[in-house]
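**Student:** sharing a sequence plus its predicted fold:
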Amino acid sequence: MSATISAPAASPAPASPAPAGSVSAAMPAAGIADPRRYFEEVGRERSAVAEAPPVCLYLEVTNRCNLLCETCPRTFEELEPPADMDWALFTRIVDQVPDIARVVLHGVGEPMLVAELPRMIRYLKDRGTYVLFNTNGTLLRPSGFQALIDTGLDELRVSLDAADRASYLRVRGRDFFDRIVRDVGKFVAFQARTGATTPRVSLWLTGMKETVEQLPAFVRLAAEMGVREIHLQRLVFDEAGYGLARAGSSLFESTQAEEQAAIAAARQEGAALGVTLDASGATEPGLSLRRRTAEQPSAGLVSADQTPVDQTPMDQPPMDQPWATCRRPWSLMYFTAHGRALPCCIAPFSARGYGNYTLGDATQQSLRGIWNSDAYRGFRTALLSDAPPAPCRNCGLRWSL
Ligand SMILES: C[S@@+](CC[C@H](N)C(=O)[O-])C[C@H]1O[C@@H](n2cnc3c(N)ncnc32)[C@H](O)[C@@H]1O
Ligand code: SF4
């Protein structure tokens, strides 16, 4: 990465006034070759200070949701008071990184509930940012297909999590399976009919013992829906566990022959049906499930794009410190709907209590100020030590993918 946080670039005027002195300058961003692999921009050498600006933003455009997923922390506790990110806060944040390569428009909540979402996407697309979000797919309606395409959205990731209605209900808490399958299928057909090449639609299945054997059926379902890309997503959970997000449901550390067989069968079906299946990162799903061993020093340390890849074979952490090569605090910033800066998109799933790992407040501080604040530097220092911050402690260990 060539850019550094140095001379501020000219910042477009925020759409609404920011608190005095808080937005001092735009943070320049490096041009990156492939926004989908933004995490590779950060090199091996890392220290408490991030020399380069972030290349990716996660913006929780809302923390509201219409589902009660058994894997999701928001089903079990109120993480912050219910809110959408308002337009003023949104522009205040993104205007400080006008050249940001990639913006993910979800946090813990359903982005398609947000009335301003299309405007937010267009605002970012007008400056050439790669934009995507995960959605539960319940709010995709034929009447909104063209408008969604017209935003210029690059990727639409539908978290389906099951291949049949009963499993869906068990994992996602509400009986929306048939509707989502129907409407996502209609959307893909609409794209084909109208020649729309974006957004790229993919289906996501969180890897759990309860549903992994459905993978071959998930591939067939995707093919029937016209979706060509499916991803296994790591199950992330905290020490205590909640709902289905707990060690007992995790595939990692205990991948059985049947689970490996399901993955192999799914890949075979996928090859025949033209559906790609991956662990959403840099490796094949089976490899990412296996515990890292001396014989396979990198297995288990690859990641999903939802939880971006940041451990690579060329940069091995010590066997007992899976967090050691994490690059997230050097490559991305995450803001909740209230403007709270969190270290990454995994933290809300892996540790309780935002207060324990809040790194700043975008309503009061500039992004530049947050990025190398005492809190951020302390976080990075801890991450590079033998005693990582709480959300990082099990990173790479307590993920199933
Ligand atoms: C929190 S949701 C927010 C976006 C949207 N509501 C959705 O469901 O796609 C973001 C992603 O996290 C996934 N997810 C939920 N619980 C998870 C867990 N415990 N571990 C890993 N991913 C999880 C969801 O399936 C979804 O793909
Ligand atoms: S995973 Fe997504 S859809 Fe499910 S409760 Fe969480 S935010 Fe809502």
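**Tutor:** Alright, I've got the coordinates. Ligands and ions are numbered 1, 2, ... in the order given.
**Student:** helix/strand/coil for the residue nearest to residue 57 when sequence neighbours are not counted?
**Tutor:** Spatially, and ignoring its direct neighbours in sequence, residue 57 is nearest to residue 103 (4.8 Å; CB to CB, 6 or more residues apart in numbering). Any C-beta I mention is one placed from the backbone N, CA and C, and that applies to glycine too. What DSSP: H, G, I helix; E, B strand; the rest coil gives for residue 103 is strand.
**Student:** and residue 133, backbone torsions?
**Tutor:** With angles defined as degrees, to the nearest 10, residue 133 sits at phi -160, psi 160.
**Student:** and it, how far from residue 117?
**Tutor:** 8 Å (CB to CB, to the nearest Å).
**Student:** read off the pLDDT value for the residue nearest to residue 57.
**Tutor:** Listed pLDDT for residue 103 reads 98.
**Student:** start at 44 instead
**Tutor:** Right, with 44 as the first residue, what we last looked at is residue 146.
**Student:** which residues does it bridge with?
**Tutor:** residue 100, residue 174 (DSSP bridges).
**Student:** how about the contacts made by it?
**Tutor:** 99, 100, 101, 102, 137, 167, 172, 173, 174, 175 (CB atoms under 8 Å, 6 or more residues apart in numbering).
**Student:** ok, so of those, who is nearest residue 293?
**Tutor:** Taking CB to CB as the measure, residue 293 lies nearest residue 101 of these, at 23.3 Å.
**Student:** was I right about that closest one contacting residue 151?
**Tutor:** No: under the criterion of CB atoms under 8 Å, residue 101 makes no contact with residue 151, lying 10.4 Å away.
**Student:** mutual contacts of those two, please.
**Tutor:** Between them, residue 101 and residue 151 share no contacting residue, judged by CB under 8 Å, 6+ apart.
**Student:** element containing residue 420?
**Tutor:** Residue 420 is located in helix 417-426, with elements delineated by DSSP states H and E.
**Student:** packing partners for that helix?
**Tutor:** When contacts are defined as 3 or more CB pairs under 8 Å, 6 or more residues apart in numbering; DSSP states H and E, helix 417-426 sits against helix 371-374.
**Student:** next SSE after the helix it packs on?
**Tutor:** Next element after helix 371-374 (DSSP H and E): strand 375-378.
**Student:** the helix or strand that comes right after that next one packs against which elements?
**Tutor:** Per DSSP H and E, the first helix or strand lying C-terminal to strand 375-378 is strand 383-385. Judged by 3+ CB pairs under 8 Å, 6+ apart, the packing partners of strand 383-385 are strand 375-378, strand 403-404.
**Student:** which residues in this protein form helices?
**Tutor:** Assigned by DSSP state H, the chain shows helices spanning 116-119, 130-137, 160-168, 188-193, 208-215, 220-237, 258-268, 300-316, 328-332, 371-374, 390-393, 410-414, 417-426.
**Student:** near ligand 1, which residues of the stretch 194-343 of the chain?
**Tutor:** If contact is defined as CB under 6 Å from any ligand atom, the residues of the stretch 194-343 of the chain in contact with ligand 1 are 202, 204, 247, 249, 276, 277, 278, 279, 280, 288.
**Student:** show me where pLDDT drops low in this structure?
**Tutor:** In the predicted model, the chain carries pLDDT under 70 at residues 44-68, 71-87, 295-299, 322-363, 439-444.
**Student:** which bits of it sit near ligand 2?
**Tutor:** Counting by CB under 6 Å from any ligand atom, the chain sits next to ligand 2 at 108, 110, 112, 115, 117, 118, 151, 152, 153, 179.
**Student:** how close does the third one get to residue 210?
**Tutor:** If you measure residue 112 against residue 210 using CB to CB, the figure is 12 Å.
**Student:** anything in contact with each of the two?
**Tutor:** With CB under 8 Å, 6+ apart, residue 112 and residue 210 have common neighbours residue 204.
**Student:** beta partners for the residue of the stretch 244-393 of the chain found nearest ligand 2?
**Tutor:** Taking CB to the nearest ligand atom, ligand 2 has its nearest neighbour within the stretch 244-393 of the chain at residue 249, 8.6 Å off. Note on residue 249: beta-bridge partners residue 276, judged by DSSP bridges.
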